[in-house]
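Undergrad: generate coordinates for the sequence data below:
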Amino acid sequence: MPSTRWQRYGRPRGTIERISSHTMESHQRSILTQQQAEQFTRVAIAGIDRQWPYKTGHVYLSENDVVAPRIHHPVFYGHFDWHSSVHGHWTLVRLLRMHPGHSRAAEVRSTLQRRLTREACASEAAFLKKNPSFERMYGWAWAMRLGAELRSWDDADARQWAECFRPIEDVIEALFLAYMPKLDWPVRCGFHPETAFALGQFHDWAKVAKSERVSRMVENKALAFYEYDRSYPVNYEPSGQDFFSACLNVADLMRRVMARSTFLSWLDEYLPSLRSGEAGNILHPAKVSDLSDGQIVHLVGLNLSRAWTMKGIASVMEAKDARRMALESSANQHTTAGLKDAVSGHYEGDHWLASFAVYLLSAVGIDGWNTRKSTAFFADAILQVGLRSSQIPLAYALYLAHVHFMVVHVHFMVAHMHYMVAHMHFLVQHMHFLV
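TA: Numbering: from 1, shown residues only. All right, here's what the predicted structure looks like:
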């Protein structure tokens, strides 16, 4: 049925131990433990200099192009392919930023210092400029996520790396702005070419980099592509080798570019059965039959990315919203399923899944979670994720600390109100004096 145009913002604005999934916290903004940071760092480090096997996305124009990956890509030649190497570097940066004192921090800093040099990044930028469709737009998106991470980190080394990385951002920004006006239809699928995920990453980069042109392009294209989407066919997902939900990626993008009330109204028409706790297969984790198959293992990534998109969508909802309850419960189940297989010892998944796990657990792309959350859901998270008994006191302590913070905040507001009343009394007395 036709609808009025939505009101929106005036301007865009090797094998290791299994990773435990015990970081679900009462305020919903998951925080990686130092132990997890070290474990995921180990996975990322293992692939960063591993040049073979390698899957190139390069179109060979002559026999002169047939060279080892590190000749074309002096920075991003490991982790099986270019985009996985990019987000492998992002994983190392993200974990180092969150836990700068972890046991492998010095090794990571040394590695990044060696890789993110001015000369090497300039060479990568030149290759991208010469090959404008290379890694469009999935690899571009992860490169901008890496750039945003470096720009956001108040650290001397990170500032140096960000400056060296800037030419790559500049080339990709120009390629993005040149390509998007030509893209008349979004790419809707569950893997690399999908459009909404990339637009979300460019949106977040633009906020950090203060690029108005990219912000406007993302908002305009998001609305042109998806504003009138209605009754998404949820039973058509997933496909057998998806690592994204095209449905949820779109919703996770739209909550970024729409005003909150507008987005929530849009979501009712986009997923009309969500209020009753239904969304076809999307709310149920995918089963993964073979972790050694490079395509089937994509479904592990699907479980992880579904979880982070559900959390992002739920973050703009009230605590008692039935849609939020359905999304949070499903995100919890997807988190458990995804983390269970995130590190399997098979390079088919290990070269990239750590990045998806870190993206999920560190709540990337979510500016601020709604801190109101029921104790019942917190208890459910403990049961779903499977906290060991020795970890429950720590999790409960974190929950109590959050409650204490909220109480202190309320006391501050009350004190502020007392001050305002006293100030009003003073003004009244002063007026009497003048009279």
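Undergrad: any chance you could map the helices in the stretch 101-250 of the chain?
TA: Per DSSP state H, counting those that start in this stretch, the stretch 101-250 of the chain carries helices over the ranges 105-115, 118-130, 138-152, 156-179, 195-209, 212-226, 246-257.
Undergrad: now the helices for the stretch 251-400 of the chain?
TA: 260-270, 298-314, 322-340, 347-350, 353-361, 375-385, 392-434.
Undergrad: so which bits of the fifth one are buried?
TA: Put plainly, it is helix 353-361. L353, A354, S355, F356, A357, V358, Y359, L360, L361 (16 or more other C-beta atoms under 10 Å). Placement of C-beta: from N, CA and C, glycine included.
Undergrad: ok so, going back, can you lay out the helices of the stretch 101-250 of the chain as TSV showing distance to G365?
TA: Formatted as TSV, the helices of the stretch 101-250 of the chain follow (distance: least, C-beta to C-beta, whole Å):
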stretch	distance to G365
helix 105-115	22
helix 118-130	23
helix 138-152	9
helix 156-179	18
helix 195-209	5
helix 212-226	13
helix 246-257	8
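Undergrad: could I get those helices as TSV with mean neighbour count?
TA: Compiled in TSV, the helices of the stretch 101-250 of the chain are given as follows (neighbours: other C-beta atoms under 10 Å):
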stretch	mean neighbour count
helix 105-115	16
helix 118-130	17
helix 138-152	24
helix 156-179	18
helix 195-209	24
helix 212-226	19
helix 246-257	25
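Undergrad: save those helices as TSV, and put in distance to V93 and mean pLDDT too.
TA: Converted to TSV, those look like this (distance: least, C-beta to C-beta, whole Å; pLDDT from 0 to 100):
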stretch	distance to V93	mean pLDDT
helix 105-115	7	98
helix 118-130	14	98
helix 138-152	5	98
helix 156-179	7	98
helix 195-209	14	98
helix 212-226	21	98
helix 246-257	22	98
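Undergrad: just so I know, which of the ones you listed lies nearest G47?
TA: helix 105-115 (11.6 Å; C-beta to C-beta).
Undergrad: that closest one - contacts with which helices or strands?
TA: Here helix 105-115 touches helix 34-48, helix 82-98, helix 156-179, going by 3 or more C-beta pairs under 8 Å, 6 or more residues apart in numbering; DSSP states H and E.
Undergrad: buried residues, stretch 276-285. List them.
TA: Buried, per 16+ other C-beta under 10 Å, within stretch 276-285: A279, I282, L283, P285.
Undergrad: average pLDDT across that stretch?
TA: Mean pLDDT, stretch 276-285: 97.
Undergrad: report the distance from it to the chain centre.
TA: How far stretch 276-285 lies from its chain's middle: 21 Å, per C-alpha atoms, centre = their mean, to the nearest Å.
Undergrad: for the helices of the stretch 251-400 of the chain, which has the smallest mean pLDDT value?
TA: helix 375-385 (a mean of 37).
Undergrad: hmm, back to that, distance to A196 added to the helices and strands packed on helix 105-115, as JSON lines?
TA: Shown next, in JSON lines, are the helices and strands packed on helix 105-115 (distance: least, C-beta to C-beta, whole Å):
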{"stretch": "helix 34-48", "distance to A196": "26"}
{"stretch": "helix 82-98", "distance to A196": "17"}
{"stretch": "helix 156-179", "distance to A196": "14"}
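Undergrad: center of the chain - which residue?
TA: The residue lying closest to the centre of the chain (C-alpha atoms, centre = their mean) is V364, at 3.8 Å.
Undergrad: helix/strand/coil for L32?
TA: Classification of L32 by DSSP: H, G, I helix; E, B strand; the rest coil places it in coil.
Undergrad: spatially nearest residue to it (excluding sequence neighbours)?
TA: L361 (5.1 Å; C-beta to C-beta, 6 or more residues apart in numbering).
Undergrad: was I right to think M144 contacts I172?
TA: Yes - between M144 and I172 there is a contact under C-beta atoms under 8 Å: 6.3 Å.
Undergrad: for E119, state which of the buried residues of helix 353-361 is nearest.
TA: When these are compared against E119 (criterion: C-beta to C-beta), the nearest one is S355, at 25.6 Å.
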